[in-house]
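[1] Let me see the structure of the following:
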Amino acid sequence: MKIRAWREAVSQGGERPSPADEVLQRGSRSEVAEILGPWYRSQGWRVGAWPSGGVIDFDLTREGTRTLVSLDPLLALRVNESWLRETLHTTLALGADRLIVVSGGGSTWAADALVSSHRECLELVDGRALRRLLLRALNRAPGPPLDRPVVAA
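    Predicted coordinates:
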């Protein structure tokens, strides 16, 4: 459910929000990273935090594969194709193998085409998938905080 529709439903006495909906409603990148980091760790990934304020929120490493995760457009209505292309180029320039972009609002057609043509190194997690992932992560026991920050070379 999109954030705007969720807010309207709640304000009109509608459905009770899930814990994942409450996290999305607050819209905090750092809160989402704190929830997803331990979940990825429980899936066998080494999770490294990045300094706040940048495009990349955390770094995942497993079996020689390095993946960067961006929550930057978390509550944006649509992921912009030019932003996505620039972030993908930055990811590859940093020596990472993949980029996961988490977007609460989905993407534009052009961004979807870019994801389709770069399937091996780019994944877009839309609002529905993010909600499901948050629900899974929130139902797990809390994990340790993110590993020490990773500094880009």
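[2] Let me see the ranges of the helices in this protein.
    With DSSP state H as the criterion, the chain has helices at 3-11, 19-26, 29-42, 81-93, 109-117, 127-138.
[3] Going by mean pLDDT, which of the ones you listed comes out lowest?
    Ranked by mean pLDDT, these bottom out at helix 3-11, with a mean of 58.
[4] Spit out the contact partners of the spatially most central residue of the chain.
    By Cα atoms, centre = their mean, the chain has its centre lying nearest to Val102, at 3.2 Å. Contact analysis of Val102 by Cβ atoms under 8 Å, 6 or more residues apart in numbering lists 32, 69-71, 74, 125, 130. Where C-beta positions appear, they are placed from N, C-alpha and C, glycine not excepted.
[5] what's the closest of those to Arg85?
    Lowest distance from Arg85 to these (Cβ to Cβ) belongs to Ser70, with 12.9 Å.
[6] how much space between the closest one and Arg140?
    23 Å (Cβ to Cβ, to the nearest Å).
[7] so what's Leu122 up against?
    Contacts of Leu122 (Cβ under 8 Å, 6+ apart): 84, 88, 98-99, 101, 114-115.
[8] Kindly report the same for Asp59.
    Asp59 makes contact with 47-50, 66-69, 96, 150, according to Cβ under 8 Å, 6+ apart.
[9] of those residues, the lowest pLDDT goes to which?
    Among the contacts of Asp59, Val150 has the lowest pLDDT, at 42.
[10] about what we covered before: so which pair among the contacts of Val102 is furthest apart in space?
    Once Cβ to Cβ is applied, the contacts of Val102 give Ser70 and Leu130 as the farthest pair, at 12.4 Å.
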